[in-house]
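Visitor: Got a sequence here, can you build the structure:
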Amino acid sequence: MSSFRRLLLTLLLLLVGSAHAEQALQLTSELTSSPALTIGAAPIVTPPPSMLPPLPDPSREVKDDLPPIPTIDLTTPPDDLWQRMRNGFSMPDLDSPLVADRQAWYLNRPDLLKRIFERSRRYLHHIVGELEKRGMPTELALLPIVESSFNPLAYSSARALGMWQFIPSTGKNYKLQQNWWFDQRRDIVASTGAALDYMQYIYEMHGDWHLALASYNWGEGAVGRAVAKNRAKGLPTDYLHLKMPAETAYYVPKLQAIKNIIAQPQLFGITLDPIPNRPYFGTVERSEKMDIALAARLAEIPVDEFIALNPAYSRPVMPMAANSPLVLPAEKVQTFLDNLQNHEAQDKPLSAWLTHNLKKGEKLETVAARYGISAARLKQLNGINARTKITPGFALLVPGKDAIGHEALAARLPQTPDKPPRATKWKKGKAKAKPKGINAKIRKSPTAKPAVKPKKH
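Guide: Numbering: from 1, shown residues only. I've put the predicted structure just below:
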């Protein structure tokens, strides 16, 4: 049979040495010239080897048909901070119609998104770095968008303050100082550390990031009770199945919507300006009181930029007791140190503001005129409002003869309003997403008793 002959040919070729190669070729010619084998009426013709198509090279096929798989080198930090953040996304995605609702809300406000992203450039590198140190999901760096639109001066109806929106009691529990001189709930470094400490604590309590975020907004006591109610009824206890206020129901979907936009901006027609993956600011320790205007001048930056990085201070003078380092643009740290050295070498004071103790019967208008400022400016610089009790001996900050920029500074200094803004009621189905204050009512400390039922903002 033809197949048998071909097998015999193969064996002969393998066994016969180079000395008999010519005889093997002759045998091949004889075998291939044999009559064709017929089965019934249809002949089966075996073509000569020269007419058989060549077999494909398997290694070449794989190389040609399968392009190399793109890889991400996580050992080399990316140049863009946005990409570094994407590499650290690790929270489970939330699948809810509210996510699409919030995406549409943000995407319909491109100018708002642009302003928020621009404002975040000062703070994101520090936050992402702190999250990575703790092994926390980096999408949490986007939470200040939900909380405050990255505005460290934001103030809510629940009296929550700062970029992370701490209410007074929670701020004190996490050792954020609050007094007449400054409020560390606005401090970039201190409030970030406190916020991440709190989130770690509530995550360890629930073992679920969505429930932890609900606790950050609503209070862990309220979330714990909602979970217990569902468990008692045999219902699921995840975020989507809990009964909660509308604001909390929208809270995680808002963060998920922002995460989706950051993860794939091209998909949504958004252009994200790259953020250099390097520190935006550095810190400088100080041991003496110093005027804000002078510090800005020594760093050679505008007062507005100085306040944006040091928003905790409420007065024109930074006291010694603040125990907070100065935060300056990274490229201006050495400039500040050099100018400070020259300033002190000339024996110039670091503060030109004085303290005036109000005498019995003395009016604020009289004091203001004496120091060359208006009564309104005097009140503004000292945080005096309608609820402030002014009695003899009341200490007033007043500008000395060498004080600089006090008129312009008065309008720029962060102030806590006399009355918090009115709360905005949330209604399901409405596309109104007003950033609100966080940390509803929470426990005093990890070891304290559960908090009372939180009030709705």
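Visitor: Provide a list of residue ranges in this protein with pLDDT below threshold.
Guide: Low-confidence segments of the chain (pLDDT under 70): 1-75, 322, 417-457.
Visitor: most centrally placed residue in it?
Guide: Geometric centre of the chain, nearest residue: A141, 1.6 Å, by C-alpha atoms, centre = their mean.
Visitor: does that one really touch H125, like I thought?
Guide: No: A141 is beyond contact range of H125, at 9.3 Å (criterion: C-beta atoms under 8 Å). No exception for glycine: its C-beta is placed from N, CA and C like everyone else's.
Visitor: Run through the residues that contact V317.
Guide: 181, 289-292, 351, 353, 397 (C-beta atoms under 8 Å, 6 or more residues apart in numbering).
Visitor: again, but for E305
Guide: So E305 contacts 296, 329 (C-beta under 8 Å, 6+ apart).
Visitor: chain center to the stretch of helix or strand it belongs to, what's the gap?
Guide: Following DSSP states H and E, one finds E305 within helix 303-309. Remark: helix 303-309 is offset 20 Å from the chain centroid, using C-alpha atoms, centre = their mean, to the nearest Å.
Visitor: State the next helix or strand along the chain beyond it.
Guide: As assigned by DSSP H and E, the chain's next helix or strand after helix 303-309 is strand 317-318.
Visitor: just checking, next helix/strand downstream of that following strand?
Guide: Next along the chain after strand 317-318, taking DSSP H and E as the criterion, comes strand 326-329.
Visitor: Could you list the paired strands of that following strand along with their orientation?
Guide: strand 281-284 (antiparallel) (DSSP bridges).
Visitor: Flag every buried residue along the partner strand.
Guide: Buried residues in strand 281-284, counting neighbours by 16 or more other C-beta atoms under 10 Å, are found at 281-284.
Visitor: Contacts for it, please.
Guide: 122, 126, 188-189, 309, 325-330, 333, 336-337.
Visitor: What is the nearest of the residues you listed to Q103?
Guide: Set against Q103, the nearest of the contacts of strand 281-284 by C-beta to C-beta is R122 (25.5 Å).
Visitor: one step back: what about the contacts of V317, which are in helices?
Guide: Residues of these located in helices (DSSP state H): I292.
Visitor: List just the nearest of the contacts of V317 to I270.
Guide: I292 (36.3 Å).
Visitor: Pull the contacting residues for the closest one.
Guide: Neighbour list for I292: 303, 306-307, 310, 313, 316-318, 409, 413 [criterion: C-beta under 8 Å, 6+ apart].
Visitor: Of these, which is the most crowded?
Guide: Greatest neighbour count in the contacts of I292, by other C-beta atoms under 10 Å, goes to N310: 26 neighbours.
Visitor: so who does the residue nearest to the centre of the chain touch?
Guide: Going by C-beta under 8 Å, 6+ apart, A141 touches 85, 124, 127-128, 131.
Visitor: Would you mind listing the two of those residues that lie farthest apart?
Guide: L124 and L131 (10.4 Å).
Visitor: which of the two has more neighbours?
Guide: A direct count of neighbours by other C-beta under 10 Å for L124 and L131 places L124 higher, at 23 against 20.
Visitor: correct me, but that one touches P274?
Guide: No: counting by C-beta under 8 Å, L124 sits too far from P274 to count as a contact (11.9 Å).
Visitor: and for those two, which residues touch both?
Guide: Joint contacts of L124 and P274 (C-beta under 8 Å, 6+ apart) are L81.
Visitor: which ones are touching A410?
Guide: With contact taken as C-beta under 8 Å, 6+ apart, A410 is in contact with 316, 377, 380-381.
Visitor: on that earlier part again, W164: which of the buried residues of strand 281-284 is nearest?
Guide: Distances from W164 to the buried residues of strand 281-284, taken by C-beta to C-beta, are shortest for F281, at 17.1 Å.
Visitor: and the gap between the residue nearest to the closest one when sequence neighbours are not counted and G269?
Guide: Distances taken as C-beta to C-beta, 6 or more residues apart in numbering put V327 closest to F281, at 5.1 Å, once the chain neighbours are dropped. Distance from V327 to G269, counting by C-beta to C-beta, to the nearest Å: 35 Å.
Visitor: Name the residue in those two with the higher neighbour count.
Guide: Per other C-beta under 10 Å, whichever of V327 and G269 has more neighbours is V327, with 23 against 9.
Visitor: Looks like that one contacts I307 (just checking).
Guide: No: at 10.5 Å, V327 does not count as touching I307 under the criterion of C-beta under 8 Å.
Visitor: Between those two, which contacts overlap?
Guide: Here V327 and I307 have no joint contacts, going by C-beta under 8 Å, 6+ apart.
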